[in-house]
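S.K.: fold the following, please.
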Amino acid sequence: MNMKRESAPGAEQAEKKNKSIAYTKELLSNASAIRYTTEFLEDNPDINPDELNGLLLDSDCDSDMTKSIVSELIETQKKVNQLTSSLDEKDKQSLLNLLVDSEDNIKNVLIGNIEIFKDFPLATVILFDNNIDYERVRKGSQGSFASVTIQSAENGNSGAELTSGKFPLILIGPINSEEDLRALLDHEKGHAKNKIVKNALKEVDKKFSWGGDYHFGDILKYVEKLEQDFDGTNLKEEYEKVLKYLLSKTKDEILAKLDSDGGVSDYMNGIAKGKLLGYDYINKLGIDKSSPLGRELNTDYLNQIQSINENITNDINKIAEAYMTFNLKRRFELFVLCLAQIPIDDWREKIVNETEFLEEANDLLEIKKIITKNISEDHYSDTVQVMVNKCQNNSSGLLNEYINDAKADLANIS
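M.R.: Next up, the predicted model:
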């Protein structure tokens with residue numbers, strides 16, 4: 001006789017809910033480590049790294065992933081400080097020579113001005129006020145984040161030797177308005193935060209939680225092998241790695257766009273329709289799209305993007321709308337950093353079915369409908385303001401309790 005007891009539906013539902021809560025807390029804990037440690041470094045740029053090394057931002061932030069994130073942040077800040085402290089503000093020509101990486105520096109005579117910002121701990125920010133100077137360093141985009149190799153050289157005015165190594169830089173060309181500059185800086189800073197997530201995931205053996213984070217040199221080798229022997233069946237593993245790499249680059253760009261403007265519909269719709277909007281990752285791998293490899297890779301990539309767009313973009317936009325409606329900007333920033341910990345092709349499954357974010361968004365938008373109908377009633381706005389204050393003060397934790405309390409109060413009022 002089979003005496004195996006079947007779990008009651010209610011028990012299964014409770015177990016699923018508990019797993020969802022635990023996973024949401026884990027993602028938020030890691031996201032908070034990045035957000036708040038970065039803020040701490042911005043406010044305390046001269047803190048001793050050893051002092052910061054023991055800093056865990058709250059009692060829940062004590063996982064291997066969080067420790068790895070804090071370690072990555074400290075090491076990155078060290079590199080930023082190392083570079084910025086060696087740059088002589090009076091000798092911008094030497095800096096341009098280093099960035100251009102050209103032996104014939106006569107051709108690279110500085111025409112305009114270069115401004116160096118040292119207040120962001122994850123990258124040295126360099127602003128150019130002249131397109132000619134900027135395009136000697138970066139072509140094809142108004143701004144960029146990259147880890148740039150700089151060779152040691154003598155600083156012309158001081159005679160001191162500038163440091164050597166690989167350093168995180170944000171390079172920005174001439175921008176017309178302060179608003180556009182802030183948006184572009186936020187976007188590139190998003191890429192810098194993504195780099196921290198990728199490196200931290202590697203350290204705790206979760207490399208592929210980012211998704212397709214293969215070394216660029218390895219990807220080029222896979223492309224070379226595929227171009228030499230491509231028939232659609234051989235080298236399937238290499239093909240899948242190249243495709244995952246393309247998706248990981250797209251993920252990086254989506255997250256940076258979310259970080260700067262909170263929406264991705266135009267970008268995702270454009271890619272899904274074959275309009276790459278300046279981000280032709282296949283072309284950057286040197287693949288001819290008219291070749292057998294190029295045609296198949298482009299088709300599979302666009303199909304993947306179309307599927308992702310159809311499955312998750314509306315939910316991401318709904319979450320963005322809900323948080324922004326109630327001025328929960330910090331919560332949305334943490335949500336973006338939670339997305340960074342999940343492969344892009346798993347976003348729908350993880351975010352919709354295994355976290356609390358979409359439920360929070362639906363409940364917040366339900367409250368929005370209630371107060372929209374009763375906008376003149378002071379007690380409605382008072383109830384909502386209490387909820388918003390509690391959510392803002394606990395943006396790195398679960399918000400369900402505060403949202404549910406507000407819904408109950410609003411139901412009693414009506």
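
S.K.: now the host helix or strand of residue 299: buried residues?
M.R.: Using DSSP states H and E, residue 299 sits within helix 292-325. For helix 292-325, the neighbour count (16 or more other Cβ atoms under 10 Å) marks 293-294, 297-298, 301-302, 304-306, 308-309, 312-313, 315-323 as buried. C-beta: built from backbone N, CA, C; applies to glycine.

S.K.: now stretch 325-332
M.R.: Across stretch 325-332, burial judged by 16+ other Cβ under 10 Å covers 326, 328, 330-332.

S.K.: in CSV: those, plus secondary structure and distance to residue 218.
M.R.: Listed next are those as CSV, based on DSSP: H, G, I helix; E, B strand; the rest coil; distance: Cβ to Cβ, whole Å:
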residue, secondary structure, distance to residue 218
326, coil, 44
328, coil, 40
330, helix, 37
331, helix, 37
332, helix, 34
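
S.K.: for residue 79, state which of the residues you listed is nearest.
M.R.: Proximity of the buried residues of stretch 325-332 to residue 79 (Cβ to Cβ) peaks at residue 330, which lies at 26.7 Å.

S.K.: isn't that closest one right up against residue 394?
M.R.: No - Residue 330 lies out of contact with residue 394 (Cβ atoms under 8 Å); the separation is 10.4 Å.

S.K.: intersection of neighbour lists for those two?
M.R.: Common neighbours of residue 330 and residue 394, using Cβ atoms under 8 Å, 6 or more residues apart in numbering, do not exist here.

S.K.: residue contacts, residue 383?
M.R.: Counted by Cβ under 8 Å, 6+ apart, residue 383 has contacts 406, 409-410, 413.

S.K.: in which helix or strand would I find the nearest residue to it once chain neighbours are set aside?
M.R.: In this structure, residue 383 finds its nearest non-sequential neighbour in residue 409, 4.7 Å apart by Cβ to Cβ, 6 or more residues apart in numbering. Take DSSP H and E as the rule and residue 409 turns out to sit in helix 400-413.

S.K.: now that helix, how far from the centre of its chain.
M.R.: Computed by Cα atoms, centre = their mean, to the nearest Å, the chain-centroid distance of helix 400-413 equals 33 Å.

S.K.: please apply the same query to stretch 70-81.
M.R.: Relative to the centre of its chain, stretch 70-81 is centred 17 Å away, using Cα atoms, centre = their mean.

S.K.: if we can go back for a sec, tell me what the helix holding residue 299 is packed against?
M.R.: Applying 3 or more Cβ pairs under 8 Å, 6 or more residues apart in numbering; DSSP states H and E, we find helix 292-325 packed against helix 216-228, helix 236-261, helix 265-272, helix 281-284, helix 329-339, helix 347, helix 357-373.

S.K.: how far off centre is that helix?
M.R.: 16 Å.

S.K.: give me the low-pLDDT residue ranges for the stretch 151-300 of the chain?
M.R.: Residues of the stretch 151-300 of the chain that meet the criterion pLDDT under 70 lie in 151-164, 205-208, 212-213, 231-233, 260-279.

S.K.: go with 90
M.R.: 151-167, 169, 175-187, 190-191, 193-218, 227-237, 247-286, 288-290, 292, 298 (pLDDT under 90).

S.K.: return stretch 223-237 as CSV; C-alpha atoms alone will do.
M.R.: Taking Å, rounded to 0.1, in the frame of the first residue of the first chain, the C-alpha atoms of stretch 223-237 are listed here in CSV:
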residue,chain,number,x,y,z
VAL,A,223,33.8,33.0,-33.9
GLU,A,224,36.9,32.1,-35.9
LYS,A,225,36.3,28.4,-35.5
LEU,A,226,32.6,28.8,-36.5
GLU,A,227,33.5,30.8,-39.6
GLN,A,228,35.9,28.1,-40.7
ASP,A,229,33.5,25.2,-40.0
PHE,A,230,29.9,26.3,-39.9
ASP,A,231,27.2,24.0,-41.0
GLY,A,232,24.6,24.5,-38.4
THR,A,233,25.4,21.4,-36.4
ASN,A,234,29.1,21.2,-35.6
LEU,A,235,30.5,23.4,-32.9
LYS,A,236,27.1,23.8,-31.3
GLU,A,237,28.6,24.6,-27.9
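
S.K.: buried residues, that stretch. List them.
M.R.: In terms of neighbour count (16+ other Cβ under 10 Å), stretch 223-237 has its buried residues at 223, 226, 230, 235.

S.K.: which residues does that stretch contact?
M.R.: Stretch 223-237 is contacted from outside by 222, 238-239, 242, 285-287, 291-293, 296, using Cβ under 8 Å, 6+ apart.

S.K.: re earlier: in JSON lines, list the helices and strands packed on helix 292-325 along with distance to residue 19.
M.R.: Compiled in JSON lines, the helices and strands packed on helix 292-325 are given as follows (distance: least, Cβ to Cβ, whole Å):
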{"stretch": "helix 216-228", "distance to residue 19": "35"}
{"stretch": "helix 236-261", "distance to residue 19": "24"}
{"stretch": "helix 265-272", "distance to residue 19": "29"}
{"stretch": "helix 281-284", "distance to residue 19": "35"}
{"stretch": "helix 329-339", "distance to residue 19": "16"}
{"stretch": "helix 347", "distance to residue 19": "18"}
{"stretch": "helix 357-373", "distance to residue 19": "14"}
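
S.K.: which one of those helices is the most hemmed in?
M.R.: Greatest average neighbour count among the helices and strands packed on helix 292-325 goes to helix 329-339 (a mean of 22), per mean count of other Cβ atoms under 10 Å.

S.K.: following that one, which helix or strand comes up?
M.R.: Next along from helix 329-339, by DSSP H and E: helix 347.

S.K.: output the contacting helices and strands for that next one.
M.R.: Where contact means 3+ Cβ pairs under 8 Å, 6+ apart, helix 347 is packed against helix 292-325.
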